[in-house]
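Student: fold the following.
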Amino acid sequence: MKSSNTIVWINVFTAKPGKLDELVAIQAEELLNFKKGSQGVPGWISSRWHRSVDNDKAIMVTTFESIDFHKNWLEKSEFREHLNKINHLIEDTEGGYYTLVEEIENM
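Tutor: Sure thing, here's the model as predicted:
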């Protein structure tokens, strides 16, 4: 079994009807801001942004060095500004913290 000390935040977004494309585009653009050198998000390791092929859901899988780094990001004005950009597109969200238990790859 492979474990990790990092934390993964998994957030399932349910977009308002007809708003998934717009939500996906804005979130994808925001992820690029995470990589901006010294202005990037402290403690952020990676993100994966997935969209459903048959309904109005999308899933964000984001890895941080710790829960504290993620919570600090949530308190930043940049995060609140981003949330204001997407709130009108979202019907519901469900998120939680997870740790890696096992990783199996075919590479």
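
Student: use CA for all of it now, contacts and neighbours both
Tutor: Fine.

Student: which residues in the protein form helices?
Tutor: With DSSP state H as the criterion, the chain has helices at 20-33, 67-74, 77-86.

Student: and the nearest residue to Ser52 once chain neighbours are set aside, what are its bridge partners?
Tutor: Using C-alpha to C-alpha, 6 or more residues apart in numbering and skipping residues adjacent in sequence, the residue nearest Ser52 is Ala58, 5.7 Å away. The residues listed as beta-bridge partners of Ala58 by DSSP bridges are Phe13, Arg51.

Student: what does the pLDDT read for Ala58?
Tutor: pLDDT, Ala58: 96.

Student: got it, and Gly37?
Tutor: pLDDT for Gly37: 55.

Student: do the same with Asn55
Tutor: In this model, Asn55 carries a pLDDT of 89.

Student: state the phi and psi torsions of it.
Tutor: Per-residue torsions, Asn55: phi -160, psi -170 (degrees, to the nearest 10).

Student: state the distance from it to Lys19.
Tutor: In this view, Asn55 and Lys19 are 11 Å apart by C-alpha to C-alpha, to the nearest Å.
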